[in-house]
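Asker: next input, structure requested:
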Amino acid sequence: MTGVYLIKKRNILLDIVVTAALLFFFGYVAFRMSIGLQYHWDWGVIPQYLFRWDAEKGRWVSNILLEGFFTTIRLSIWSIIFATAIGVFVGILRTRKRLFFRLIGRTYVELIRNIPPLVLVFIFYFFVSDQLMSMLGVDEFIRNRTGIAEQVLTIIAAPPGLFAAFVSGVLTVALFQGAYIAEIVRAGIQSIEKEQWEASAALGLTWLQQMRFIILPQATRRVLPPLANEFINTIKYSSIVSIISIQELTFQGIQVMSSTQRTNEVWITVSLMYFLLCFTVSLGARHLEVSLATSNVSESASIESDSKIA
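Answerer: This is a model prediction of the structure:
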C-alpha cells in the first residue's frame with residue numbers, strides 16, 4: 001500500500017515538473033517574440049475577421065476566417081468519407097487470394113504513398129478541373145445552378161464558381177489518405193485469427209457473409225485507433241489544397257495575414273481552430289472506441305453466462 005502511494009506521489013510530482021517546464025518554455029518563447037524580436041502583439045484585429053456585422057441582415061455573420069473554418073470542415077468530411085471508402089475497398093483487395101486483386105491494391109498503395117501530395121494536388125486540379133469536368137459538362141452544369149440548388153451546393157460543398165477546385169481538393173486528399181487507410185484495413189483483416197475464417201466457412205457462410213458478419217466487425221475494433229489518427233491527418237492535410245485557391249482555413253489565414261501584417265496572431269488563431277477540429281474528432285473516436293470495447297465486454301459476459309446456464 002505504501003509503495004502504491006509513493007508511486008502516485010512520484011507521478012504527481014513528475015506531472016507538476018513537466019507542466020512547469022512547458023509553461024516556462026512557452027513563456028520564454030512569448031518573451032523572445034515580444035522583447036527579443038521587438039514584436040508588438042495586437043489581438044484586437046482578429047475578432048473582426050471571425051465575425052462581422054451585416055447591415056442588410058441586421059445580425060452578426062461569420063467573416064473570412066470562420067468561413068474558411070467551415071470550408072475546412074466540409075472539405076475534411078467529404079475527404080474522410082471518400083478516403084474511408086477507397087481505403088476499405090483497397091484494403092480488402094490487398095487480402096484477397098487472387099494475385100490480380102492483390103497487385104491492383106499494392107500498385108495503388110505504392111504509387112500514392114511515393115508521390116508527394118503537393119504533386120497530386122496539381123495533377124488532379126489541372127486534369128479534373130480543366131479536362132475531365134469540362135469534357136463531361138459538369139463544370140457548366142454546376143455554374144448554371146441558381147436558387148435553392150445553389151444554396152444547397154454551397155452548404156454541402158462550395159459555391160458553384162469554386163466547385164471544380166473543391167472537387168479536385170477532395171479527390172486529392174481522399175486518394176492520398178486512402179492509401180494509408182488501406183494499409184490499416186489490410187492489417188486489421190489479416191490480424192483476425194485463422195480459426196475465425198475456418199469456423200465461419202464451416203457454417204456455410206459465403207466470403208461476403210464472412211466479411212460482413214464475422215471479420216469486419218472484429219477488425220473494426222482493432223483498427224479504430226489508427227483510423228482515428230488518419231482522420232485527423234486528413235483534416236491537417238486539407239490545408240495543402242490552399243495552393244489551388246480553395247478558400248479553406250489556411251488560405252483565408254494567408255489573406256488575413258497579408259492585409260493585417262499580424263503574422264503571429266493570425267497563425268496562432270488558425271492553429272487553435274485546427275486544434276479544436278482535430279481534438280473534437282479525437283474525442284469522438286475515443287468515445288466510439290470505449291463504446292465498442294464496452295459492447296464487446298457485455299457480449300462476452302452474456303456468452304459466458306449462457307454457457308454456464310447450459
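Asker: next one: stretch 42-57 to chain centre, how far?
Answerer: Computed by CA atoms, centre = their mean, to the nearest Å, the separation of stretch 42-57 from the middle of its chain amounts to 28 Å.
Asker: contacts for stretch 247-254 next, please.
Answerer: 64-65, 67-69, 71-72, 75, 162, 169, 238-239, 241-242, 245, 266-267, 269-270, 273-274 (CB atoms under 8 Å, 6 or more residues apart in numbering). All C-beta spots, glycine's among them, are computed from the backbone N, C-alpha and C.
Asker: any buried residues in that stretch, and which?
Answerer: The neighbour-count check on stretch 247-254 (16 or more other CB atoms under 10 Å) flags 247-253 as buried.
Asker: now do stretch 197-208
Answerer: In stretch 197-208, counting by 16+ other CB under 10 Å, buried: 200, 205.
Asker: likewise stretch 235-249?
Answerer: 235, 237-242, 244, 246-249.
Asker: then stretch 97-115?
Answerer: 105, 108-109, 112.
Asker: equivalent analysis for stretch 206-224, please.
Answerer: Result for stretch 206-224 [16+ other CB under 10 Å]: buried residues 210-211, 214-216, 218-219, 222-224.
Asker: that stretch: how far from the chain's middle?
Answerer: 23 Å.
Asker: please apply the same query to stretch 16-31.
Answerer: Between the centre of stretch 16-31 and the centre of its chain there are 30 Å (CA atoms, centre = their mean).
Asker: mind saving the C-alpha coords of it as CSV?
Answerer: Extracted in CSV, the C-alpha atoms of stretch 16-31 (Å, rounded to 0.1, in the frame of the first residue of the first chain):
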residue,chain,number,x,y,z
ILE,A,16,4.0,19.2,-11.9
VAL,A,17,7.6,19.4,-13.0
VAL,A,18,6.6,18.7,-16.7
THR,A,19,3.8,21.3,-16.6
ALA,A,20,6.1,23.9,-15.0
ALA,A,21,8.7,23.2,-17.7
LEU,A,22,6.2,23.6,-20.5
LEU,A,23,4.8,26.8,-19.0
PHE,A,24,8.4,28.2,-18.7
PHE,A,25,9.1,27.2,-22.3
PHE,A,26,6.0,28.9,-23.8
GLY,A,27,6.6,31.9,-21.6
TYR,A,28,10.2,32.2,-22.8
VAL,A,29,9.1,31.9,-26.4
ALA,A,30,6.5,34.6,-25.9
PHE,A,31,9.2,36.8,-24.2
